[in-house]
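Asker: Based on what follows, work out the 3D shape:
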Amino acid sequence: MSIFVFFVYLVFACENKQVDIRCPSGTTINILSAFYGRNNQQGCRNPVQQTRFGLTLRNECSATNALSVAKSNCNGKHSCWIKAHDSIFNIPCQRGPSKHLEVEFECRKH
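Answerer: Coordinates of the predicted model:
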């Protein structure tokens, strides 16, 4: 019998900051999901506190290319970083409350 254990990680950064993604030795990054934008009227707030405990949020504004940006920057690497900035993402809303970047990933063995 084989037992496989894996962890899914979530990293978060407010606008103009960056997420740093790192996997243990012998593993590489596999991006599962990514979001850049805002999903509330309060600006940059930790999404774990908002979405993981049953609160329903409207998607106010989101980048259409967040997943492809995260994958192209990080998939298959041991470590990477992504800046949470409008110039990197296709974002339709420039004004209003601040935005954030969240990336969900796992570390896969080679």
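Asker: What strands line up against the helix or strand residue 105 falls within, and which way round?
Answerer: For residue 105, the host element (DSSP states H and E) is strand 100-109. With DSSP bridges as the test, strand 100-109 is paired with strand 8-14 (antiparallel), strand 27-38 (antiparallel).
Asker: among those, which is nearest residue 75?
Answerer: With Cβ to Cβ as the criterion, residue 75 lies closest to strand 27-38 of the strands paired with strand 100-109, at 5.6 Å. The C-beta positions use only the backbone N, C-alpha and C, and glycine is treated the same way.
Asker: Let me have the strands paired with strand 100-109 in JSON lines, extended by mean neighbour count.
Answerer: Converted to JSON lines, these look like this (neighbours: other Cβ atoms under 10 Å):
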{"stretch": "strand 8-14", "mean neighbour count": "16"}
{"stretch": "strand 27-38", "mean neighbour count": "20"}
